[in-house]
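Chemist: Structural data only, the sequence is not supplied:
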């Protein structure tokens with residue numbers, strides 16, 4: 001399991017590639033289901049899992065608590081800026 005780093009970010013292209021790798025492994029496993037003993041390439045599976053973005057469980061739990069307690073406030077200006085950045089990045093692709 002990867003050690004979490006606060007500055008670690010995964011680009012959209014990397015996430016798509018990671019998802020494609022995992023889908024490939026899952027598809028391969030689904031095809032092998034019909035065999036008596038499925039063939040699983042553990043190294044490939046481990047590599048695909050290592051490529052997935054890291055989740056900060058502490059941050060997720062903290063955010064969940066704030067939402068449940070009604071303490072989470074949406075910064076509409078920041079949200080609008082992020083949406084504009086996302087839209088601009090989609091236009092470049």
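Modeler: Nice, I can see it. Values in this document were obtained by computation on a predicted structure and should not be read as measured data.
Chemist: From now on I want contacts and neighbour counts done on CA atoms only, so please keep to that.
Modeler: Will do.
Chemist: Helix or strand next in line after the lowest-mean-pLDDT helix or strand in the chain, which one?
Modeler: Ranking every helix and strand in the chain by mean pLDDT, DSSP states H and E puts helix 12-32 at the bottom, with a mean of 68. Using DSSP states H and E, the helix or strand that follows helix 12-32 in sequence is helix 42-51.
Chemist: Tell me which helix or strand comes right after that following helix.
Modeler: Remark: after helix 42-51, the chain's next helix or strand is helix 57-69, criterion DSSP H and E.
Chemist: Any stretches of the protein with poor pLDDT?
Modeler: Low-confidence segments of the chain (pLDDT under 70): 1-17, 29-38, 93.
Chemist: Domain-wise, how is it divided?
Modeler: The chain breaks down by automatic domain parsing into domains covering 10-54, 56-93.
Chemist: Can I get those domains in CSV including mean neighbour count?
Modeler: What follows is the domains of the chain, written out as CSV (neighbours: other Cα atoms under 10 Å):
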stretch, mean neighbour count
domain 10-54, 14
domain 56-93, 10
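Chemist: And residue 75, how close does it get to residue 85?
Modeler: Distance of residue 75 to residue 85, given as Cα to Cα, to the nearest Å: 15 Å.
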